[in-house]
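In: fold the stuff below for me.
(chains A and B)
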Amino acid sequence: MQFKDQLDFVRQHIKKNKLRVFMTILAATMGTAFLIVLASVGFGIHDTMRSEILDNRMVNQIEVYAEKMDQAEVEELKKRDHIKAVVYRQSVSLQQKTGLDEFIGENGLIVTDFKEEKKVGFELKEGRLPENAGEIVVGSDFAESLFMEASTESEQEPVTYKGSLVGKQVTYKMGLYEEPEMFPEETIFTIVGIAKEPAKDWMQDYNMYADAAIIPTLNPIFEGHVDDENSQLLYGNVNVYADKLENVTTVSKALKDEGYSVYSIADQLEQMDVFFLAFKAGLVFVGTIAILIASIGIFNTMTMAVTERTREIGVMKALGASPKLIQRLFLMESAWIGIIGTLIAVVISYGVSFIANLVLPIIVTAALGEEEFGDLSVTFSIIPWQLVIIASAISLTVAMISGWRPARKATKIDVIQALRQEL
Amino acid sequence: MIHVQELSHSFKIGKKGKEKQVPVLKELSFSIEKGEIVSIVGRSGSGKSTLLHIMAGFLKPDTGTIQVDNVHTSAFNEAESAQFRLTHFGFIFQNFQLMPGLTAFENIELPLKLKGENKHIRKKKVKDLLQHVGLTDVQNHYPNELSGGQQQRVSIARALVTDPPIIFADEPTGSLDSETEQDILLLIQSLNKTRGITFVIITHDDTVAETANRIYRMHDGELTERGASHAI
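Out: So this is what the prediction gives:
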């Protein structure tokens, strides 16, 4: 029998029992839609948490800690495979004070390698990068951290620096936290550039950035006042950047194997992904139970179809229909119920997901208040194509299994008994 | 064409564990030649329908063999048997056994669909047969809209549509009035003559049996050819 004729045959029988087939499709639709919507919540929460983590950090960044970290060690790290950049930032371990005209501040000085910084997105909104030891770049919010000396003591709102920064000279002093007086030595820097605002709106950058060439100027001042051999002027942190996200794990693992302490967002994501994989699998499992309940309907419908058509099956077998063909026709009928049910369920699920993402934030905001929920961007439901594939596969498999037994029963119908049935 | 050798069959009756074997066919051996009309006549329960069911492959014999066109059909499995029926046999049943949800045209077309014939060939063959059996006007009628005679004609057309060499007719006129019965028997004779089709007619009616070239009489599972004095 040609495939088109088989389809015609199935279509004719479905038409004969429209209401019963409709109710069965409805059950299959509800089961599948329940699975998709339920699992979509898992996908939604996972995506929200991933976004929260990824928004705050650079994904291919690996923080590296070592007992002894110096420039030579950093240079060695740069030579490794899959490394895009190694940023070695050193901060001053002392109290710091800055001055610009009549304005004062307590901005920290960060010593870094601008060539490496540039590779990982350090950009200027104004000016240029330092070319010698006396030049610095300041953070985008540097001016806001400089207060007029007199205004800080009055009860009025402190006055911050409003003028232009590039070309201005900044005085820089260091001192011990435990002593009220700063070291008398004053270093003068010229601001040659202003860094671009951090990617996140809520982050503020008050720092000053200088090249490593500044170290020989600062070190003698430190050593002139601090005798303790164990203390040092600068403490540094190293961030290694992998060239691609997929290489983060390889680079991270190699560093770990060599005794470095490393932390990368990819490790955290990996752990979270494993947790959510289990969580989503659990939701799919619960959803599958709904489909299994719907499958009882398919089983009943198909069993009734076989019972009602016993005589017709007998005639077909008598005329020469093979048992395989009979089985295929009934399996196609249950598959048809599964396919239509799944298609409608997918459409409904996308609708429910869209409405949930539209309405639920409004309800939650109303319940919790704008302050608590306003900043959080939560996606309640996401239906990726993988979920559609998984749900469809489960739904169709269950539909086929439900139709299997009735179809087998149809093939076993005895021709002689069937032909004896009354019309 | 059909050679039956020492064919025996029995049914089990009674409750499980206390079953009794009731022999229905007892070592039957006979042949039916190509182009013949053969009647197997007998009372109810004589075993004639069982014989037809075994020859058609609906039932497997306990012992004995059946050869059709030198093929051992009694050794077939269910799928092989179905395939053989589709190409070699046509069936005319007492209750017509038409599909109630299909029109006269679609009922006749069904065996061709099972054979996988394309639509163009199906349409041509069914149209020709509808004309041959005089049902062109009612081709789009459903079985419940046709008279008994018309339904049997549809059934005959369905049996002919695959051009089988053998047609089994089980009480073909059992549900018809005497006038229609005559029409159907004449049609069978005409098809035998014009198309050379072998007919095996199972009947309890001697008048119907008379249509045949040869008559076998069935009694208590044994077969005698009319005129012969002993079982065959």
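
In: wait, is B:S175 part of a strand?
Out: No - counting by DSSP: H, G, I helix; E, B strand; the rest coil, B:S175 is not part of a strand but coil.

In: make sure it is actually in contact with B:F96.
Out: Yes - in this structure, B:S175 is within contact of B:F96 by Cβ atoms under 8 Å, at 7.3 Å. Bear in mind the C-beta positions are built from the backbone N, C-alpha and C, glycine included.

In: more neighbours, those two?
Out: For the pair B:S175 and B:F96, the greater number of neighbours falls to B:F96 (23 against 16), based on other Cβ atoms under 10 Å in any protein chain shown.

In: rewinding a little: find the residues that touch each one of B:S175 and B:F96.
Out: Common contacts of B:S175 and B:F96 (Cβ atoms under 8 Å, 6 or more residues apart in numbering or on different chains): B:148, B:152.

In: please name the nearest non-neighbouring residue to A:V378.
Out: By the measure of Cβ to Cβ, 6 or more residues apart in numbering or on different chains, the closest residue to A:V378 outside its immediate chain neighbours is A:T48, 5.1 Å from it.

In: element containing that neighbour?
Out: Using DSSP states H and E, A:T48 maps to helix A:18-56.

In: and A:F222, what element?
Out: In this structure, A:F222 is located in helix A:215-225 according to DSSP H and E.

In: give the buried residues for the very next helix or strand once past that helix.
Out: For helix A:215-225, the following helix or strand on the C-terminal side (DSSP H and E) is strand A:234-242. Within strand A:234-242, the residues scored as buried using 16 or more other Cβ atoms under 10 Å in any protein chain shown are A:234, A:236, A:238-242.

In: now do stretch A:245-254
Out: By neighbour count, and taking 16+ other Cβ under 10 Å as the criterion, the buried residues in stretch A:245-254 are A:247-248, A:251-252.

In: of these, which pair is most distant in space?
Out: A:N247 and A:S252 (9.1 Å; Cβ to Cβ).

In: and A:V170, helix, strand or coil?
Out: Assigned with three-state DSSP, A:V170 falls in the strand class.

In: just checking, it touches A:L100?
Out: Yes - in this structure, A:V170 is within contact of A:L100 by Cβ under 8 Å, at 5.2 Å.

In: could you pull out the helices for chain B?
Out: B:48-56, B:78-88, B:104-115, B:119-132, B:148-160, B:178-195, B:206-209 (DSSP state H).

In: what residues does chain B put near chain A?
Out: Residues of chain B that fall close to chain A, judged by Cβ under 8 Å from any Cβ of the partner chain: B:53, B:56, B:58-59, B:78-79, B:82-87, B:89, B:91, B:93, B:95, B:97-101, B:110-111, B:113-116, B:118, B:158.

In: tell me the SS of A:K162?
Out: Secondary structure of A:K162, per three-state DSSP, is coil.

In: likewise A:R11?
Out: For A:R11, the secondary structure call by three-state DSSP comes out as helix.

In: name the nearest residue to the residue most central in space within chain B, ignoring sequence neighbours.
Out: Note on chain B: the residue nearest the mean C-alpha position is B:F168, at 1.7 Å, using Cα atoms, centre = their mean. Leaving aside its sequence neighbours, B:F168 sits nearest to B:V200 (Cβ to Cβ, 6+ apart; 5.0 Å).

In: pLDDT score for that neighbour?
Out: Listed pLDDT for B:V200 reads 91.

In: bridged to it, which residues?
Out: The residues listed as beta-bridge partners of B:V200 by DSSP bridges are B:V38, B:F168.

In: so which residue of the stretch 151-300 of chain A comes closest to chain B?
Out: When distances are taken as Cβ to the nearest Cβ, the stretch 151-300 of chain A reaches nearest to chain B at A:N300, 21.2 Å away.

In: separation between whatever residue of chain B ends up closest to chain A and B:K113?
Out: Per Cβ to the nearest Cβ, the residue of chain B with the smallest distance to chain A is B:L86, at 2.7 Å. As defined by Cβ to Cβ, to the nearest Å, B:L86 lies at a distance of 11 Å from B:K113.

In: residues of the lowest-mean-pLDDT helix or strand in chain B that come out buried?
Out: Between all helices and strands in chain B, the lowest mean by mean pLDDT, DSSP states H and E belongs to strand B:222-225, at a mean of 80. Across strand B:222-225, burial judged by 16+ other Cβ under 10 Å covers B:222-224.

In: that one pairs with which strands?
Out: With DSSP bridges as the criterion, the sheet partners recorded for strand B:222-225 are strand B:214-219 (antiparallel).

In: in the partner strand, what counts as buried?
Out: B:214-218.

In: and the angle for it with helix B:48-56?
Out: 120 degrees (axes from the mean of the first three to the mean of the last three Cα atoms, to 10 degrees).

In: wouldn't A:F279 be in contact with A:G42 here?
Out: Yes - the criterion here is Cβ under 8 Å, and A:F279 meets it with A:G42 at 5.3 Å.
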